[in-house]
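In: Make a model of this:
(chains A and B)
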2 protein chains.
Amino acid sequence: MSSNVIKRIKKLQNFLSFGCAAIISSQEGIYYYTGIYSDEFIALITRNKAFIFADKRSFESIPHFLHRIYKPILLDFKAKDVAERISAVHNIKHITFESSVQYAKLKRLKKLFARVRFREKLFQMEQLDRLKAFKNVPCGTFLNDELLQYEVAAIDHLRRIKDGGEIKIMKRSLVIAEEIMHAIRQKIKEGVSEVEIALEIRQIALAFGCQDLSFPPIVAFGRNSSVPHHLATRKRLKSGEIALIDLGVKWKGYCSDITRTFLTGTPSSIIVQNYHSVSSALQKALNFMQSGIRTDKIYALVNQAFREHGVAELFTHAAGHGIGLNIHESPSFSPKDRHRLYRNEILTIEPGLYSQTWGGIRLENMVMITQNGALVLNKLPTDIQFASLRHI
Amino acid sequence: MSSNVIKRIKKLQNFLSFGCAAIISSQEGIYYYTGIYSDEFIALITRNKAFIFADKRSFESIPHFLHRIYKPILLDFKAKDVAERISAVHNIKHITFESSVQYAKLKRLKKLFARVRFREKLFQMEQLDRLKAFKNVPCGTFLNDELLQYEVAAIDHLRRIKDGGEIKIMKRSLVIAEEIMHAIRQKIKEGVSEVEIALEIRQIALAFGCQDLSFPPIVAFGRNSSVPHHLATRKRLKSGEIALIDLGVKWKGYCSDITRTFLTGTPSSIIVQNYHSVSSALQKALNFMQSGIRTDKIYALVNQAFREHGVAELFTHAAGHGIGLNIHESPSFSPKDRHRLYRNEILTIEPGLYSQTWGGIRLENMVMITQNGALVLNKLPTDIQFASLRHI
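Out: Next up, the predicted model:
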């Protein structure tokens, strides 16, 4: 853990230009840069030092190994003076921060470093050469010459590339999610309600020893499946209806996220047809994904696949997203997101069609970008045989 | 539900001065003002109108009854024009927002309403009379003449006073939390581990049909109890150790939060002595709390009680907080928070002592401010008889 934390701090420090420091204050960010899951620490990372601010109650809980990496600072009435002194000694002119930070927390931090300018995005032309030297750093919008005009939210992007330990944990998180999906497939029966299935998902996840789910499970029967972020209701499943299940767990802090759509009884031909459209769009996207490809291009490809099937107007959702400590991380497969994919980045791809008349169909896999394109991490099939529950 | 929502919108509208509107975008805020648990809607409330912005995927999920209260607006490429038109027609000069909003979301909202000034806090001298007419509105720092110089984060404060429906739900949320604490008390045995107890808490909450816990349960044995926000480890309970349990559930969106500290075997005399200090500080605070009292005074009272016992330096945590849809809401019983208590406000009070040598003791109850002072909502005892598990 300790060596991972040091590597991550170094990566961030390499990204910082002179006069710039970074503040990490989110629970996930603190976990990433300290190994401790806490929203009570504030980490300040300058080009060659690392500090942890903690109030009295959490100061004592800073573990011994962190003292070797960070200089702990007590958040009391003197903290403002200390912060000002650090800013002066380390010549900090501006501080960058996570875009997920709450407005209220940011305001408190600004008070602590009163003389320093806060700005989310970092970019100075002088950085370019240094950035180019760090090919492994996902500062996508920088390295691509035609996009030099874009600034970048540095901290949010540094978590995109997963290290070996993270990849191992995320694979395990996905294995558990797939085991749950398998178990849930057996539970889908005529008359079962959405909330009953949602409760089953939580209970199985607990039995696996997961700290939590990545998000409240989406269990949507029949027309409810047309709402991509449907919350489970008391609706009971009828034969011939769609059962859309979107679930994920948190394992050692890392999220998994998968969707399968089950077709019960004898589904209508339009449902079968659209199922094939979704699975073929998924396959096309997977074949196309590789390091260097822009995320909006993946979205466009999925959209194009649906257009060829004449159903593009039912594709109302983004086609996927980055995933890691948070369920949704940068980038997103949407028309506006123009980031390039990186090696060892983990993302989900989730084409879907949503109709007010027959419901919705979505298939979601997790993929890792490798030297040879996109490696699908899922084992669970996406074909219509697996999806068909004819006995119901 | 619908009538509650309308009342809440009216309360907010009464608070808005000319030229001012409010944006609600948090999941909890949206639930409060629409009855729908979603972070996909954005509500814009002006002095006499209410709008919901929703993207294509969530637009369809706006339920019928909300259409009678809100004018739905599709968040697409035209949304910016619509937002500008609304600002012009309703003469919106500035927009207030929740302090819990994420920086990234706030940035998007600012783009939508490009010509409007965003500022969290609202205050214009002209408002004073109107505010005085709304005695029920918890704009504490306004109504108190000596504190007129303070501005107030309006939206965060409006949720402080609970209506009848909320009080009923929160009482139920607490009943469940207390049932869990009862069940957990039976499970505390020599050799049981913190994570095992934490898992039990989650499973019992699920069996009650709770959507979730309010927060990851704090289960801390022995010296671990000296860390107020300890995360459960594999540590197993030994006879004579403290077992501190802090838990709460979410019931229909509303949080409960209680702490009990159990003393096993034959506790040392210092532990017994400090248990009495904590329970007497709790009792003093409960007796003193009433509508109009300032929160920093409650903190000072608890601190004074501990000083009389010679243990004030072990009191390193705030003494309690507001609670509702979020686990921590305004106000806080801390030295810096100077809000006055209001009738029908629900808060927790949680004095505690934390020592590196013998561990920590905390007792936490939920109280409602009534005409006659603080009504303790808990049924679970706080006395040392209940806390003592001598058989272990």
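In: Now for A:D81, which secondary structure element holds it?
Out: helix A:79-89 (DSSP states H and E).
In: and that helix, C-alpha only, in PDB?
Out: C-alpha atoms of helix A:79-89 as PDB (Å, rounded to 0.1, in the frame of the first residue of the first chain):
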ATOM      1  CA  ALA A  79      -3.800  26.100  11.000                       C
ATOM      2  CA  LYS A  80      -4.300  29.300   8.900                       C
ATOM      3  CA  ASP A  81      -0.800  30.600   9.900                       C
ATOM      4  CA  VAL A  82       0.800  27.300   9.100                       C
ATOM      5  CA  ALA A  83      -1.000  27.200   5.800                       C
ATOM      6  CA  GLU A  84       0.300  30.700   5.000                       C
ATOM      7  CA  ARG A  85       3.800  29.700   6.000                       C
ATOM      8  CA  ILE A  86       3.700  26.600   3.800                       C
ATOM      9  CA  SER A  87       2.500  28.700   0.900                       C
ATOM     10  CA  ALA A  88       5.300  31.200   1.400                       C
ATOM     11  CA  VAL A  89       8.100  28.600   1.900                       C
END
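In: any idea of the mean pLDDT in it?
Out: Mean pLDDT, helix A:79-89: 95.
In: Give the buried residues for that helix.
Out: Neighbour counts using 16 or more other C-beta atoms under 10 Å in any protein chain shown place A:79, A:82-84, A:86-87 of helix A:79-89 among the buried residues. All C-beta spots, glycine's among them, are computed from the backbone N, C-alpha and C.
In: gap between that helix and the chain center?
Out: Distance of helix A:79-89 from its chain centroid, counting by C-alpha atoms, centre = their mean, to the nearest Å, is 34 Å.
In: and the residue in the stretch 101-250 of chain A positioned nearest to chain B, how many neighbours?
Out: Closest contact between the stretch 101-250 of chain A and chain B, by C-beta to the nearest C-beta, is at A:A104 (3.9 Å). Number of residues near A:A104 (other C-beta atoms under 10 Å in any protein chain shown) recorded here: 14.
In: same deal with the one 5 residues further on?
Out: Applying other C-beta under 10 Å, we find 19 residues neighbouring A:L109.
In: Surely it touches A:F53?
Out: No: under the criterion of C-beta atoms under 8 Å, A:L109 is not in contact with A:F53, lying 9.2 Å apart.
In: between those two, what contacts are shared?
Out: Residues touching both A:L109 and A:F53 by C-beta atoms under 8 Å, 6 or more residues apart in numbering or on different chains: A:I42.
In: list the contacts for the residue nearest to A:F97 when sequence neighbours are not counted?
Out: Closest residue to A:F97 apart from its sequence neighbours, by C-beta to C-beta, 6 or more residues apart in numbering or on different chains: A:I23 at 4.8 Å. Counting by C-beta under 8 Å, 6+ apart, A:I23 makes contact with A:42-45, A:95-98, A:109.
In: want to throw those residues into TSV with secondary structure and pLDDT?
Out: Shown next, in TSV, are those (DSSP: H, G, I helix; E, B strand; the rest coil; pLDDT from 0 to 100):
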residue	secondary structure	pLDDT
A:I42	strand	95
A:A43	strand	97
A:L44	strand	97
A:I45	strand	96
A:I95	strand	93
A:T96	strand	91
A:F97	strand	93
A:E98	coil	92
A:L109	helix	95
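In: Farthest pair within the buried residues of helix A:79-89?
Out: Maximum pairwise distance among the buried residues of helix A:79-89 (C-beta to C-beta): 12.4 Å, between A:A79 and A:S87.
In: For chain A, which residues are neighbours of chain B?
Out: A:37-38, A:40, A:56-58, A:60-61, A:97, A:99-104, A:106-107, A:120, A:199, A:202-203, A:206, A:209, A:211-212, A:216, A:226-231, A:316-317, A:354, A:356 (C-beta under 8 Å from any C-beta of the partner chain).
In: Now the buried members of those.
Out: A:38, A:40, A:57-58, A:61, A:97, A:99-103, A:106, A:120, A:199, A:202-203, A:206, A:211-212, A:216, A:226-231, A:316-317, A:354.
In: now, which of those residues lie within helices?
Out: Counting by DSSP state H, those place A:57-58, A:103, A:106, A:199, A:202-203, A:206 in helices.
In: how much space between A:S61 and B:R294?
Out: 30 Å (C-beta to C-beta, to the nearest Å).
In: oh sorry, the question was meant for A:G19
Out: On the measure of C-beta to C-beta, A:G19 and B:R294 end up 43 Å apart.
In: Kindly report the same for A:T233.
Out: 44 Å.
In: Spatially nearest residue to A:F65, not counting backbone neighbours?
Out: Using C-beta to C-beta, 6+ apart, the nearest residue to A:F65 is A:S2, at 5.2 Å.
In: Quick check: that neighbour touching A:H67?
Out: No: judged on C-beta under 8 Å, A:S2 makes no contact with A:H67 at a distance of 11.2 Å.
In: show me what contacts A:L347?
Out: Taking C-beta under 8 Å, 6+ apart, one finds A:320-323, A:331, A:333, A:341, A:366-367, A:369 in contact with A:L347.
In: what residues are up against A:K379?
Out: Counted by C-beta under 8 Å, 6+ apart, A:K379 has contacts A:175, A:178.
In: For A:L244, pull up the helix or strand it's in.
Out: strand A:242-247.
In: returning to that earlier point: contacting residues for the residue of the stretch 101-250 of chain A closest to chain B?
Out: Counting by C-beta under 8 Å, 6+ apart, the residues that A:A104 touches are B:99-100.
In: How much space separates it from B:K121?
Out: 12 Å.
In: A:I180 now?
Out: Taking C-beta to C-beta, one finds A:I180 at 45 Å from B:K121.
In: Likewise for A:A281?
Out: Distance, A:A281 to B:K121, by C-beta to C-beta: 48 Å.
In: same thing with A:I270?
Out: 53 Å.
In: ditto for A:D163
Out: Taken as C-beta to C-beta, the span from A:D163 to B:K121 is 42 Å.
In: Now do the helices in chain A.
Out: A:2-15, A:27-34, A:56-59, A:64-67, A:79-89, A:103-112, A:127-133, A:140-143, A:154-158, A:164-187, A:194-207, A:269-288, A:295-308, A:384-387.
In: residues contacting the residue lying closest to A:G29 once chain neighbours are set aside?
Out: Spatial nearest neighbour of A:G29, excluding adjacent residues (C-beta to C-beta, 6+ apart): A:E98 at 5.4 Å. For A:E98, the contact set (C-beta under 8 Å, 6+ apart) comprises A:23-26, A:29, A:153, A:155-156.
In: again, only using 6 Å
Out: Counting by C-beta atoms under 6 Å, 6 or more residues apart in numbering or on different chains, A:E98 touches A:26, A:29, A:155.
In: Any chance of those residues in CSV with neighbour count as columns?
Out: Shown next, in CSV, are the contacts of A:E98 (neighbours: other C-beta atoms under 10 Å in any protein chain shown):
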residue, neighbour count
A:S26, 20
A:G29, 26
A:I155, 25
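In: Looking at the residues you listed, which is nearest B:V311?
Out: A:S26 (34.4 Å).
In: how about that closest one, what does it touch?
Out: A:98, A:100.
In: mind running it again at 8 Å?
Out: A:S26 touches A:39, A:98, A:100-101, counting by C-beta under 8 Å, 6+ apart.
In: show me what contacts the residue most central in space within chain A?
Out: Compute the mean C-alpha point of chain A, and by C-alpha atoms, centre = their mean the closest residue is A:I323, 2.4 Å away. Residues counted as contacts of A:I323 (C-beta under 8 Å, 6+ apart) are A:170, A:255-257, A:329, A:346-348, A:366.
In: mind running it again at 7 Å?
Out: A:255, A:257, A:329, A:346-348, A:366 (C-beta atoms under 7 Å, 6 or more residues apart in numbering or on different chains).
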